[in-house]
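In: sequence and predicted structure, then a few things I'm wondering about:
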Amino acid sequence: MNASFPPRKQQIPVIVLAGFLGSGKTTLLNHLLRNRAGNRIGVIVNDFGAIEIDAMTVSGQVGSTVSLGNGCLCCAVDASELDTFLETLTGPAARLDVIVIEASGLAEPQELVRMILASENPHIVYGGLVEVVDAAEFDATRERHPEIDRHLAVADLVVLNKTDRAGNEEQTRIQDVIAAAAAPGRPGAAVIRATYGRIDPELLFDPALRPDGEEKARQLTFEDLLRDRSEEEGEGGHAHHLHAAYDSVSFTADVPMNPRRLMAFLDSRPQGLYRIKGFVDFGVGDRANKYALHAVGRFLRFDPQPWGRGETRRTQLVLIGSGIAPDALHKELADCRENAAPAPDATQDAAHERSMWGVLRYVQRPDDA
């Protein structure tokens, strides 16, 4: 095969942040804006009603905050209109690394996801649906909004927030309910426990890689002031608590990966595994390209990129989740390797080409963008 793919600019992940009113999703967003791991975050704030309380809460913390206002995004905006806002945030002048859409508590998350996946903007990639749940009011919320089970079924990550107000047994019971909400035959969403919306930003997006000194040379921002102030005030004595914990697995292989075995692994990802990132070497399957892998929840995409001259050919992956079994996952990936490294002069034959078909289903072609 050795297909030639045009170089693609780094795509910006678009994360949907959802949850019913009072769940703490705005608090979580503010936390991300104050602890952004060097990223420039663009925000689309979607409020229900004319008074944009949430928009005022986040105003001034980042330079590129967009509020749609007056109703739910999924009800008031179709995919083409959403693209207009995303086009603004993905323009060269914005220089953003991540986009977060904060949905109203009355929005339908699956509609927001549908709009992003249907977007014709080639500069974005789906970054996951994060559903925030109030641990202390979970049963009351389900009684008022039975549709929450439908929301939990489509979420990629559930943040069980306000766990300081619920005991361990109650938290475990809620996690069982969340797992039961998953669609038949599919693993439930990864669940991470948090207080005050504090999750590690690296659970959602990678730290920014910037030229030396660029971040240090910037002026003091609202972000710095708010972070310093919250640390001084202590936010009720919780300022020094660590972020909610998550698990990560690093995997490296100098032997190429078998396409069919790796796809079988990706098609049966265990519950709790939220993100996979890195590069895959398929050896004779495609000598010309390494394959950038981006998986979040049930979403999967491969992006073929030419090997650099003299670049060491190896697979490097990082798996991120909550409640996963690192050793078992590492062994499963090790079992996906080819039995031996290919001979230097080995060329692709019909069998190798067929083995790549499963991978190529998840490659976005230029005419698909």
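Out: Alright, I've got the coordinates. Because the structure is predicted, anything quoted here is derived from the model rather than measured.
In: the stretch 101-250 of the chain: strands as residue ranges?
Out: Secondary structure of the stretch 101-250 of the chain (DSSP state E, counting those that start in this stretch): strands at 124-134, 157-161, 190-193, 247-253.
In: turn those into a markdown table, including distance to V280.
Out: Every C-beta, even on glycine, is put in place using the N, C-alpha and C of the backbone. Output for the strands of the stretch 101-250 of the chain, formatted as a markdown table (distance: least, CB to CB, whole Å):
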| stretch | distance to V280 |
| --- | --- |
| strand 124-134 | 17 |
| strand 157-161 | 23 |
| strand 190-193 | 22 |
| strand 247-253 | 9 |
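In: ranking these by burial, who's on top?
Out: Of all those, strand 157-161 has the most neighbours on average by mean count of other CB atoms under 10 Å, namely a mean of 27.
In: where does the protein dip in pLDDT?
Out: Residue ranges of the chain with pLDDT under 70: 1-9, 45-81, 104-107, 209-245, 342-348, 366-369.
In: to V100, which of the strands of the stretch 101-250 of the chain lies closest?
Out: strand 124-134 (8.4 Å; CB to CB).
In: tell me the SS of G38?
Out: coil (DSSP: H, G, I helix; E, B strand; the rest coil).
In: from I276, how far out is it?
Out: Distance of G38 to I276, given as CB to CB, to the nearest Å: 22 Å.
In: between the strands of the stretch 101-250 of the chain, which gets nearest to H151?
Out: strand 124-134 (5.6 Å).
In: that closest one: partners in the sheet, and parallel or antiparallel?
Out: strand 12-18 (parallel), strand 157-161 (parallel) (DSSP bridges).
In: let me have those in CSV, adding distance to E111 as columns.
Out: Converted to CSV, the strands paired with strand 124-134 look like this (distance: least, CB to CB, whole Å):
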stretch, distance to E111
strand 12-18, 10
strand 157-161, 18
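In: looking at G38 and I276, which has the bigger crowd around it?
Out: I276 (22 against 13; other CB atoms under 10 Å).
In: in terms of contact, does the more buried one touch L293 like I think?
Out: Yes. The pair I276 / L293 is scored as a contact, 6.0 Å apart, by CB atoms under 8 Å.
In: in the chain, which spans are helices?
Out: Ranges of helices in the chain, per DSSP state H, are 25-34, 53-58, 73-76, 79-89, 109-118, 138-144, 148-154, 168-180, 222-233, 259-267, 326-334, 350-355, 357-360.
In: out of those helices, which is the most enclosed?
Out: helix 25-34 (a mean of 22).
In: and it with strand 157-161, angle?
Out: Relative orientation of helix 25-34 and strand 157-161, computed by axes from the mean of the first three to the mean of the last three CA atoms, to 10 degrees: 100 degrees.
In: let's number from 800 now, not from 1
Out: From this message on, residue numbering opens at 800, which makes the last subject helix 824-833.
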